[in-house]
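Colleague: The amino acid sequence is not available; the structure is as follows:
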């Protein structure tokens, strides 16, 4: 397919696949990008929303989108599988996975947003491919599908005709990259301007999700060490020794560069580790000990302050997710 | 209302108002942010989608969302009016405007995304308030509603209980700012991480929409001068003289800093001006002369190359928008 289509180009059919519990924004981001591309290149794209069970498909937010049946007929341009809380159940839906496998060869280009990468992987479409997904899921995707070369810090990854994107809002970046390939970088830049997003984000997903909030260059190594030693005493004195600074200098420099005191940083790193452990299971007591909170009541207070909910309630929510 | 609600907080009802031709992403961004906030603070928000004509309401992309009737009953937390191509017609819908006027006093906080600000302004809710909207619409909003203090380069603006946001994706930033106010900055940061967006964007909407692509510090003033003199000869010699540099040095420095040659930059600035003029009316011949393309055929070729469509087709599309 040539990069400069004649005007008006034949509409490129984008088949966007949803399922119960999909993330509405995973779908709405690309839908908006392709729609707005049509203002600059009329008729360039036609987005169709499809699901194994057609009709109104509920997203995890409750808001639903109407979807047509997912059928394999004729050639089309782009297959796009979204992600969301419902991905785990969708992975178990053998008919959906079979449909994706059957339909993918009919598309010029196959793609996923966020945890939609799991469905591509389950359908065997990511074997020996470079791919990305939501940062929270990247280690798990790599573990479950060892043949997938997961790149955890990308906003999107293109490996030949397979494109995968990072979490949620990265679906917009994915669609913009496709628009740039199809219609040129100027059209993509115009679409980005209309949407008030970067045409091409500077940096990877970690940067944009502020994952590295604390990991300013100067203290990134220290934070990595702290993450390994959460169950130990992490007093300012101990941290200062590790950083080879005087306690006073260290406390001042750490707060100046990260915006939080060392004590708050320790608490935040512990809460992050505990939150991740909650998803994997284990008793709250064990987790509190392992992450250095020691006593579950201290962990509870930190959770309520940082996340607005105690550990047990968080676990119920995370398990549902 | 206190900033640290007890857990579990009573759900804050967010009433999100849509209308035919709304922009799906204007709605889906805040819906996702409030939904994901619920993972960290269970039960914190409940988003309801409402429209004057309930049922499936079609967005400009064709994808529809189911909406309940827009009724004024009881108190609720947040009123949020989205924008989109359908805003112009929605402004003429006297019943919708009356409903917004009637409902707004029942909300603790009143807000709009993108061109949704027009509907708040039409309902008299932005009088003497600071507000923002999509960058493309900001001058028009200020002209139509002289009592509104429009701030064109903000991602969002909060004036007492009235919050307005810039275009499309800025609805996410607006919702994150509300979440930070309601549940604290840590929860908002966690939501942003899940969504892979900045918790707080560095810079205004112009920066993120790459409006200033060419306006690197060194040549911003020259570009501004060029925008005022598009109808004149803008050869490299002339521009170099204006920049007080030798033509050779100027051409090299301009390309190095902006990524495009001076000739391409002139063409892009002319096309931008012509595109804006197309929306306001006037013959294509006049516009071609005024913006320095001179001959309409040159303008047509630039449009096809930059936007994928000739001026007449663009005008039809822009008029519909």
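Modeller: Good, I have the coordinates. None of these values were measured; they are calculated from a predicted model.
Colleague: what's the weakest-modelled helix or strand in chain A?
Modeller: helix A:205-208 (a mean of 65; mean pLDDT, DSSP states H and E).
Colleague: Go ahead and confirm residue A:130 touches residue A:147.
Modeller: No - with contacts counted by C-beta atoms under 8 Å, residue A:130 stays clear of residue A:147, the gap being 11.4 Å. C-betas here are computed from N, CA, C, even on glycine.
Colleague: So those two - more neighbours on which side?
Modeller: Applying other C-beta atoms under 10 Å in any protein chain shown to residue A:130 and residue A:147 shows that residue A:130 carries more neighbours, namely 16 against 11.
Colleague: could you measure the more buried one against residue B:222, distance?
Modeller: Using C-beta to C-beta, to the nearest Å, we find residue A:130 at a distance of 42 Å from residue B:222.
Colleague: where along the stretch 1-150 of chain A do the helices fall?
Modeller: For the stretch 1-150 of chain A, the helices defined by DSSP state H, counting those that start in this stretch occupy A:24-40, A:87-91, A:94-103, A:116-122, A:138-144.
Colleague: Mind giving me the packing neighbours of the third one?
Modeller: For helix A:94-103, the elements it packs on are strand A:76-81, helix A:116-122, judged by 3 or more C-beta pairs under 8 Å, 6 or more residues apart in numbering or on different chains; DSSP states H and E.
Colleague: can you redo the ones you listed as a markdown table with mean pLDDT?
Modeller: A markdown table is the format used below for the helices and strands packed on helix A:94-103 (pLDDT from 0 to 100):
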| stretch | mean pLDDT |
| --- | --- |
| strand A:76-81 | 96 |
| helix A:116-122 | 98 |
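Colleague: hey, which of the ones you listed is tucked in deepest?
Modeller: Ranked by average neighbour count under the criterion mean count of other C-beta atoms under 10 Å in any protein chain shown, the helices and strands packed on helix A:94-103 are headed by helix A:116-122 at a mean of 26.
Colleague: Quick one: distance of it to the chain centre.
Modeller: In this view, helix A:116-122 has its centroid 13 Å away from the chain centroid, taken as C-alpha atoms, centre = their mean, to the nearest Å.
Colleague: who's in contact with it?
Modeller: A:17, A:26, A:80-83, A:87-88, A:90-91, A:96-97, A:100, A:110, A:112, A:126, A:131-133, A:137, A:141, A:144-145, A:148, A:162, A:164 (C-beta atoms under 8 Å, 6 or more residues apart in numbering or on different chains).
Colleague: ChimeraX command for the buried members of the residues you listed?
Modeller: In ChimeraX syntax, the buried subset of these is picked out as below (16 or more other C-beta atoms under 10 Å in any protein chain shown):
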select /A:17,26,80,81,82,83,87,90,91,96,97,100,110,112,126,131,132,133,137,141,145,148,162,164
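Colleague: Strands of chain A, start to end?
Modeller: With strands called from DSSP state E, chain A shows them at A:12-17, A:45-51, A:55-58, A:64-69, A:76-81, A:107-112, A:130-131, A:149-150, A:156-159, A:162-165.
Colleague: closest to residue A:200 out of those?
Modeller: Smallest distance to residue A:200 across the strands of chain A (C-beta to C-beta): 10.2 Å, for strand A:156-159.
Colleague: From the contact counts, what lies against that closest one?
Modeller: Judged by 3+ C-beta pairs under 8 Å, 6+ apart, strand A:156-159 is in contact with strand A:130-131, strand A:162-165, helix A:170-183.
Colleague: Quick one: closest of the ones you listed to chain B.
Modeller: For the helices and strands packed on strand A:156-159, the distance to chain B is smallest for helix A:170-183, at 5.3 Å, taking C-beta to the nearest C-beta.
Colleague: and that closest one, anywhere near chain B?
Modeller: Yes - looking at helix A:170-183 against chain B by C-beta under 8 Å from any C-beta of the partner chain, the contacts come from A:170, A:172, A:183.
Colleague: what's the answer for stretch A:195-206, then?
Modeller: Yes - for stretch A:195-206, a contact with chain B is found by C-beta under 8 Å from any C-beta, at A:195-199, A:205.
Colleague: Tell me which two in the residues you listed are the farthest apart.
Modeller: Based on C-beta to C-beta, the longest span within the residues of stretch A:195-206 next to chain B runs between A:196 and A:205 and measures 19.3 Å.
Colleague: Count the neighbours of residue A:10 for me.
Modeller: Residue crowding around residue A:10 was assessed by other C-beta under 10 Å; the count is 11.
Colleague: Look up how far residue A:17 lies from it.
Modeller: Remark: distance between residue A:10 and residue A:17 (C-beta to C-beta) = 22 Å.
Colleague: Repeat that for residue A:225.
Modeller: Where residue A:17 is concerned, residue A:225 sits at a distance of 43 Å (C-beta to C-beta).
Colleague: Please apply the same query to residue A:111.
Modeller: Distance from residue A:111 to residue A:17, by C-beta to C-beta: 10 Å.
Colleague: Please tell me I have it right and residue A:111 contacts residue A:165.
Modeller: Yes - Residue A:111 is in contact with residue A:165 according to C-beta under 8 Å; the separation is 7.3 Å.
Colleague: Now list whatever residues contact both of these two.
Modeller: Listed contacts common to residue A:111 and residue A:165 are residue A:174; contacts here mean C-beta under 8 Å, 6+ apart.
Colleague: Looking at the two, which one has more neighbours?
Modeller: Applying other C-beta under 10 Å to residue A:111 and residue A:165 shows that residue A:165 carries more neighbours, namely 36 against 28.
Colleague: and the more buried one, what are its bridge partners?
Modeller: Going by DSSP bridges, residue A:165 is paired in beta bridges with residue A:156.
Colleague: contacting residues for it?
Modeller: Contacts of residue A:165 were listed using C-beta under 8 Å, 6+ apart, and they are A:111-114, A:132, A:155-157, A:171, A:173-174.
Colleague: Which of the residues you listed has the largest number of neighbours?
Modeller: Ranked by the number of neighbours (other C-beta under 10 Å), those place residue A:113 first, at 35 neighbours.
Colleague: Quick check: the gap between it and chain B.
Modeller: Relative to chain B, residue A:113 is positioned 11 Å away (C-beta to the nearest C-beta, to the nearest Å).
Colleague: OK, contacts around residue A:145?
Modeller: Residue A:145 neighbours (C-beta under 8 Å, 6+ apart): A:121, A:126.
Colleague: ok, now the one 10 residues further on?
Modeller: Residues touching residue A:155, when contacts are defined by C-beta under 8 Å, 6+ apart, comprise A:132, A:165-166, A:170, A:173-174, A:201, A:204-205, A:208, B:196.
Colleague: Least confident of those residues?
Modeller: Lowest pLDDT within those is found at residue A:208 (64).
Colleague: quick revisit: so can I have a markdown table of the helices and strands packed on helix A:94-103 showing distance to residue A:264?
Modeller: Below are the helices and strands packed on helix A:94-103 laid out as a markdown table (distance: least, C-beta to C-beta, whole Å):
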| stretch | distance to residue A:264 |
| --- | --- |
| strand A:76-81 | 39 |
| helix A:116-122 | 34 |
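Colleague: Quickly note the distance from the nearest residue to residue A:10 once chain neighbours are set aside to residue B:275.
Modeller: Among residues not flanking residue A:10 along the chain, residue A:43 sits closest, at 7.8 Å (C-beta to C-beta, 6 or more residues apart in numbering or on different chains). Distance from residue A:43 to residue B:275, counting by C-beta to C-beta: 18 Å.
Colleague: What is the burial count for residue A:59?
Modeller: Around residue A:59 there are 28 residues (other C-beta under 10 Å).
Colleague: right, and it touches residue A:49 too?
Modeller: No - between residue A:59 and residue A:49 there is no contact under C-beta under 8 Å: 11.3 Å.
Colleague: quick one: common contacting residues for those two?
Modeller: Overlap of the contact sets of residue A:59 and residue A:49 (by C-beta under 8 Å, 6+ apart) consists of A:18, A:27, A:65.
Colleague: filter those residues by proximity to chain B?
Modeller: Intersecting those with the contacts of chain B gives A:27, A:65 (criterion: C-beta under 8 Å from any C-beta).
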